[in-house]
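A.B. asks: No letters, just coordinates:
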């Protein structure tokens, strides 16, 4: 039987399909329990440490909620300037000290590989909540969980991914996972913000059906889901180019009316202007439900790695 | 029967007299339960999110204590610089995301109307913990609760309010409430920091007995309570004028000895110099009891809006 | 019978030997209970306020863990810039307000004497978590607790203390305590960072066996424990002097092989370079166990001062 007890959760590509199923079924079970008003006590007497060496209120609050909903407790370092790192302490030492307090550690760090470094230093399970340009596995997991809830199954689905596909760690973690489930991928991005060619090559080697383009409307006519990400002005050398492109990547109700019927809209949030406010009322606008799905997914991970599911 | 279940608490003038009675009687019941050493479990399994887009340790800790004393749990955003607002996210989006985690939201924001905007965006109850120059309803409620505890009843009372009556949102929320209970109001302020004329007019229209003056000692001879607020030097064009006035608005034991016997001293805190330290030992100095009353009042609000009183 | 109920914990020299024994035996009992997987409920329904007017993530998280492991709850002020002190409020007023919320207060402050000032202002127990160049009693207590666990007894032990002995408040709190238990002390420091002469004099008056030197290797040949502290470059007028000395005060495996067999290595952390990483694998390297011992010691203090042990 598959188990995650005592394991770290650092990247999505290290999780087997069996482990993924275990995570999703556990999340679903917790979600139903919460909905029915049940009080969960899986983590009673346990302490989670959230170590955020880079601020991220959304991800931190989602993990803390997950722990509290399981009956556990939380200690939190949310301001890196207040940490011992400022006194020259190594990451390994900081994490080793906190491992003397807590039963499980969630870490966010601006440097790629930091979560692995933390995991190597301690015996308690470490969950990666984003390591710079590295991975953000719990976001990818909650995205796939959302897809399954919104669409019933991933079988035969087509997903358009639009925006800055070059720099988005969320998107990179996600496409690997989707490729494994046979989701057809349509990448839509402005010139210069395309999916990295080596990642594209890898996806094709995995047997993925991947295509690239610049026309969001065209992609939305063929897609069951569109996953929107933010395009940052500062990524453009030529501001005029940004202003020209911006409009074509703002998703509004007009575009939805011309898209495949029943199209689902996802976004990792925060959103700025890339989805018009009017879309919020559309039934297929799943982004706030998606954010809420972070809680059961993180509950599942916390309970599984500590052997308390 | 009156109920606040599912309602937002944004301003005091929207609360009916029946709702006020319900809040005060619930607060009183919780306060007695705590005093008797009872463990309350009204909010067990529930999560409060405190979103402070403007720092206020006192108000935040008071709300968090209230939630914990009811057996609930807390997630907290205390540093606006670490929030997604810094990435350009709208207040509505931030609050909608947090509504996916928490059962009730307390918000503090530097902009007037922000609490209403937050409430409009979500289905979970929102409590206003201060919105710029707008309202600070829980402070006004705890002030009235304090008055009732200190004086038994509000019937026939006279209250002097002294200090910066122009800029204090606390005082504005409070006087509306006091006017409804028939409390006679004596406003004492330096030139230029008077109660806004339109507010004075409204109070008179409500049938309030309102008078204005500059002489604190005179007002204290006629008042059962004096409510002191801070005067900020930076409000004065002429520093000499500030220095001249300052002394006359510093409440000390000499002034208390010349005041109406048994006069009660209140202050929303923090205090700087406007009440002399020697007054702390005076039996009628109620300001620290007043601060402590914030806990039962906020317990009552949290339990009532979530239907768990 | 000795009891600490209702008492403040501000300095180690005010604790009687009987009180010390009570703290250590209570800590030991809690530690065993946690190890056996027992759920403690001593502090159920109680609220701890951690007031950190100076950041210290390690100490704050250790206290908060202690409270949570006892079934209690925590409110926290970790960012002094967000506190009412910024509005000109006195420390006494801040602490008095928080005493209206919490059952016990832990305070860290950059000014010597601040913990005493806080304790004088309130009726709830106050625990000093470091007051500037003053004391840091809970660190000294966990150090002695660690010594007893690592060595069985303090009887007949010799301890070398190395590094900046002039400026370290931790070391000053500790040596007083060790002197009382008859531990032989060998002070090793660079020129200019020696233990203050008046402290040395006091220790000798207490009957302590104290010696001073500059040779760490020599001291380690005679010591059962070496307590390492950080030397800060900025303490030196002549950077060349720092560079020359630095090497001789970096503890590595070579030095351990030449030291008294079974020597125990302690450090209050954070460590920078003064203990080589290779030492971490040495069985006698106790510094991470030492950090973890902060939790049972602080559990003991919280439970004892609130009468809930």
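C.D. replies: Structure received. Please read these numbers as outputs of a predicted model, since none were measured by experiment. Numbering: from 1, shown residues only, chains lettered A, B, ... in the order given.
A.B. asks: Just confirm residue A:288 is within a helix.
C.D. replies: Yes: per DSSP: H, G, I helix; E, B strand; the rest coil, residue A:288 lies within a helix segment.
A.B. asks: which residues touch it?
C.D. replies: Listed by Cβ atoms under 8 Å, 6 or more residues apart in numbering or on different chains, the contact partners of residue A:288 are A:280, B:96-97, B:100. For glycine as for every other residue, the C-beta is placed from the backbone atoms N, C-alpha and C.
A.B. asks: one more time with 6 Å
C.D. replies: Counting by Cβ atoms under 6 Å, 6 or more residues apart in numbering or on different chains, residue A:288 touches residue B:96.
A.B. asks: Give the residue spans of chain A that score low on pLDDT.
C.D. replies: Applying pLDDT under 70 to chain A picks out residues A:1-2, A:82-84, A:86.
A.B. asks: who in it is up against chain C?
C.D. replies: Counting by Cβ under 6 Å from any Cβ of the partner chain, the residues of chain A lying close to chain C are A:45, A:47, A:73, A:75, A:77, A:82-84, A:87-89, A:96-97, A:100-101.
A.B. asks: out of these, which are inside helices?
C.D. replies: Using DSSP state H, the members of those that fall within helices are A:96-97.
A.B. asks: Out of the residues of chain A next to chain C, which two sit at the greatest distance?
C.D. replies: Pairwise distances among the residues of chain A next to chain C were taken by Cβ to Cβ; the largest, 34.5 Å, belongs to A:45 and A:88.
A.B. asks: okay, the two: which has more neighbours?
C.D. replies: residue A:45 (18 against 13; other Cβ atoms under 10 Å in any protein chain shown).
A.B. asks: What's the separation between the more buried one and residue C:68?
C.D. replies: From residue A:45 across to residue C:68, the span is 9 Å (Cβ to Cβ, to the nearest Å).
A.B. asks: Give me the nearest residue to the residue of the stretch 201-309 of chain A at minimum distance from chain B, chain neighbours excluded.
C.D. replies: Closest contact between the stretch 201-309 of chain A and chain B, by Cβ to the nearest Cβ, is at residue A:292 (3.0 Å). In space, and not counting its chain neighbours, residue A:292 is closest to residue B:100: 3.0 Å by Cβ to Cβ, 6 or more residues apart in numbering or on different chains.
A.B. asks: Please look at the one you found and residue A:294 and confirm they touch.
C.D. replies: No: counting by Cβ atoms under 6 Å, residue B:100 stays clear of residue A:294, with 7.7 Å between them.
A.B. asks: Would you mind giving both backbone torsions of the nearest residue to residue A:271 once chain neighbours are set aside?
C.D. replies: Sequence neighbours aside, residue B:93 is the residue nearest to residue A:271 in space, at 6.0 Å (criterion: Cβ to Cβ, 6+ apart). When read as degrees, to the nearest 10, the backbone of residue B:93 gives phi -60, psi -40.
A.B. asks: Do a quick rundown of the strands in the stretch 101-250 of chain A.
C.D. replies: Here the stretch 101-250 of chain A has its strands, by DSSP state E, counting those that start in this stretch, at A:104-109, A:126-131, A:158-162, A:184-188, A:210-213, A:225-228.
A.B. asks: So what are the sheet partners of the first one and their directions?
C.D. replies: What that stands for is strand A:104-109. strand A:47-52 (parallel), strand A:126-131 (parallel) (DSSP bridges).
A.B. asks: residues from chain A in reach of chain B?
C.D. replies: For chain A, the contact set with chain B under Cβ under 6 Å from any Cβ comprises A:39, A:55, A:57-58, A:61, A:64-65, A:68, A:270, A:272, A:288, A:291-292.
A.B. asks: Please enumerate the helices of the stretch 151-300 of chain A.
C.D. replies: Using DSSP state H, counting those that start in this stretch, the helices assigned to the stretch 151-300 of chain A run over residues A:169-180, A:197-205, A:216-221, A:239-246, A:253-258, A:287-305.
A.B. asks: what's near enough to touch residue A:102?
C.D. replies: A:47, A:49.
A.B. asks: scratch that, residue A:88
C.D. replies: Contacts of residue A:88 (Cβ under 6 Å, 6+ apart): residue C:272.
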